[in-house]
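A.B. asks: A structural model of the following input is requested.
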Amino acid sequence: MGLFDAIDIAGSGLTAERVRMDVTAENLANAQTTKTAAGGPYQRQEVLLQQVPGGQGSFAGTLAGAMQQPAGTEGIANPQQPGEGALQQAASGAGGPAGGVEVAGIVNDATPDKLVYNPGSPEADAKGYVKMPNVDPVTEMVDLISESRTYQSDVTAMQTAKSMFNATLTLLK
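C.D. replies: You can find the predicted model right below:
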């Protein structure tokens, strides 16, 4: 696992959470949209996330590698002598890609539309019901708070990694 893998993983989380917040904002903005270009009410959208395959750099790969270390090297991340070569190998990410998270897609929520009785609306059917979007503003606000906190956690992880790298570079001087 390279020095910059922590930043790469946190960066992938930042990107994914930004997409989730954009979709949630779109859902809130269209909570009252009864006619779209397709003709029906707006359909709530959800973001699907997936783990980036990370090979040796992934948690599963790192764990498997740690379990196969020779006896007596437990707790030693790299049995080589620390020096320029080991630092360059760590910085280059020679252990494989970092992993992280990515957006797998944006899909429509399958929840049925709401029927609201409003006989005066031009969108009302013969019985006076209007098909409203399947968007619940309370749910969207809770999702937005959760996404915002996750985004902030990724920022904190990135700042922590940065300070650790600065401390490491200070030690090497």
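
A.B. asks: Next up, the contacts around A31.
C.D. replies: Neighbour list for A31: 42, 133, 135, 137, 140 [criterion: Cβ atoms under 8 Å, 6 or more residues apart in numbering]. In short, each C-beta sits where N, CA and C put it, glycine included.

A.B. asks: How about the second one, nearest residue that isn't a chain neighbour?
C.D. replies: Here the nearest residue to P133 in space, its sequence neighbours aside, is Y42; by Cβ to Cβ, 6 or more residues apart in numbering that works out to 4.1 Å.

A.B. asks: Any stretches of this protein with poor pLDDT?
C.D. replies: 1-3, 54-64, 66, 69-98, 173 (pLDDT under 70).

A.B. asks: Isn't the residue nearest to P133 up against K131?
C.D. replies: No - applying Cβ atoms under 8 Å as the test, Y42 and K131 come out as separate, 10.2 Å apart.

A.B. asks: one step back: okay, the contacts of A31 in a markdown table with secondary structure, neighbour count and distance to E123 next?
C.D. replies: Below are the contacts of A31 laid out as a markdown table (DSSP: H, G, I helix; E, B strand; the rest coil; neighbours: other Cβ atoms under 10 Å; distance: Cβ to Cβ, whole Å):
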| residue | secondary structure | neighbour count | distance to E123 |
| --- | --- | --- | --- |
| Y42 | coil | 22 | 12 |
| P133 | coil | 21 | 12 |
| V135 | coil | 25 | 16 |
| P137 | helix | 11 | 19 |
| E140 | helix | 19 | 22 |
